[in-house]
Structures are given as structure tokens and as C-alpha cells.
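**Student:** Please find the sequence and the predicted model below.
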Amino acid sequence: MRGRGTLALIAALLLAGVWLYYDVTGGTPGSSWRTIFEEPAPPIPAADLKRLMTFPAADVTAIRLRRGERTVQTERTAGGWSGIERQSDVADFLADLAELVEIIPIEAGPNDLAALGLSPPTGSIELTRRDGPPWLLQIGDRNPPATGVYARVGADGPVVLTGALLLWNVDKLERALQLPG
């Protein structure tokens, strides 16, 4: 009798544990027991975010996007941006580009660049500025969970991981520039 009572108690505790897990996590796949017992991490203060670049959008006179063998570009004219129907697409692109942050720096030597999609880069963004040399961002592959993109600031600058939203913004502007305008 004692063995059956102990087994019933263990089964009841396991059932209660499973119920607690699904109640707290909402049955979200991939949640762990740590999510139940730990407080959420505080957000990173905006002052501690390292932007990939800072520039006034008004100083950009041309944008060239390269993805593989395809290259599209637009230039600022007196009437707005050339070759694009909705001028707001360029303004949105530049605003989003200015918001890109370094998620994490990547220690990458010359032999590591190919594995990150940066030798040669899978794409690039070149901004021609009113004053100063053009600004270049080389685009590499996505990271394994596909939440970020490896990027290199400048022709031989540091390698960083930035948000995968970069690719979405590049694709969006590229499509807008390929539409007949």
C-alpha cells in the first residue's frame, strides 16, 4: 500500500508541475523552466546602444544597393529621388538605416570572412554624402537562428552582428527601385 501511495503522490506532483508550466508560459513552445523563475532582463538604455552609423538623411545624395550580381541606385534630384515612385520609401530606408545598432561585435580575421558571407560580401549599401567620402556597409549572411545579419562597416572595418531587419529594408527599397516609375 505504501508504494502505491508514494507513486500516486509523485504522479500528482508531476501533473501539477506540468500544469504550472503550461499555465505560466501559455504553452509557448521553446519556453524553459528558467522563464518561470527569473525576472525578465531590463531593456538596454538607448544611450548604451552603438549605432552602426550616424548621418543626417539630408546629407545623402545617392544610394547604391548591390545584392549578388544586381545593382540598383537612386540619386537625389531637385524633384526628389530618381527612379522611384514613392519618395517615402527612400526616407523610410534612410531612417531605418540610421537606427541600425551593433548587437554584438564579431572577432573575425581574414580567414573567417567567407564563413560569414563577407568574402565576398553577399551585398552592400553605399551612401554618397554631400560632404565626405561615401559610407559603405557590406552585408553578409544571416546568423544561424536568422535573427541577425553579419555586416562589415566600411571596406575593411569591424565585423558586427546587426538585426535581420536590415535585409528586409534593403529588399523593400530594391523592389521599389526596380518598379517602372
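**Tutor:** It's in.

**Student:** ranges for the strands of this protein?
**Tutor:** 60-67, 70-77, 80-81, 104-106, 123-129, 135-142, 148-153, 159-163 (DSSP state E).

**Student:** Could you find the closest non-adjacent residue to Ala91?
**Tutor:** Nearest residue to Ala91, sequence neighbours excluded (C-beta to C-beta, 6 or more residues apart in numbering): Ala57, at 6.8 Å. The C-beta positions use only the backbone N, C-alpha and C, and glycine is treated the same way.

**Student:** again with Ile103
**Tutor:** Leaving aside its sequence neighbours, Ile103 sits nearest to Leu161 (C-beta to C-beta, 6+ apart; 4.6 Å).

**Student:** Next one: the one you found from Lys172, what distance?
**Tutor:** Using C-beta to C-beta, to the nearest Å, we find Leu161 at a distance of 21 Å from Lys172.

**Student:** Check Ala115 too.
**Tutor:** Counting by C-beta to C-beta, the gap from Ala115 to Lys172 is 27 Å.

**Student:** go on, Val72?
**Tutor:** The gap separating Val72 from Lys172 is 12 Å, by C-beta to C-beta.

**Student:** Looking at those two, which is more packed in?
**Tutor:** Between Val72 and Lys172, counting by other C-beta atoms under 10 Å, Val72 is the more crowded of the two (18 against 14).

**Student:** And for the closest residue to Ala146 other than its chain neighbours, the neighbour number?
**Tutor:** Nearest residue to Ala146, sequence neighbours excluded (C-beta to C-beta, 6+ apart): Ala164, at 6.3 Å. For Ala164, the tally of surrounding residues (other C-beta under 10 Å) stands at 14.

**Student:** Below-threshold pLDDT in this protein: ranges please.
**Tutor:** 1, 23-47, 179-181 (pLDDT under 70).

**Student:** Nearest the middle, which residue of it would you pick?
**Tutor:** For the chain, Gly163 is the residue whose C-alpha lies nearest the centre (C-alpha atoms, centre = their mean; 1.3 Å).

**Student:** unless I'm mixing things up, that one is touching Val101, no?
**Tutor:** Yes: at 7.3 Å, Gly163 counts as touching Val101 under the criterion of C-beta atoms under 8 Å.

**Student:** nearest spatial neighbour of Leu100, skipping sequence neighbours?
**Tutor:** Of all residues not flanking Leu100 in the chain, Leu52 sits nearest, at 4.5 Å (C-beta to C-beta, 6+ apart).

**Student:** Phi first, then psi, for that neighbour.
**Tutor:** phi -70, psi -30 (degrees, to the nearest 10).

**Student:** can you pull the contacts of it?
**Tutor:** Leu52 makes contacts with 100-102, 137, 151, 153, 160, 162, as judged by C-beta atoms under 8 Å, 6 or more residues apart in numbering.

**Student:** No further queries at this time; thank you.
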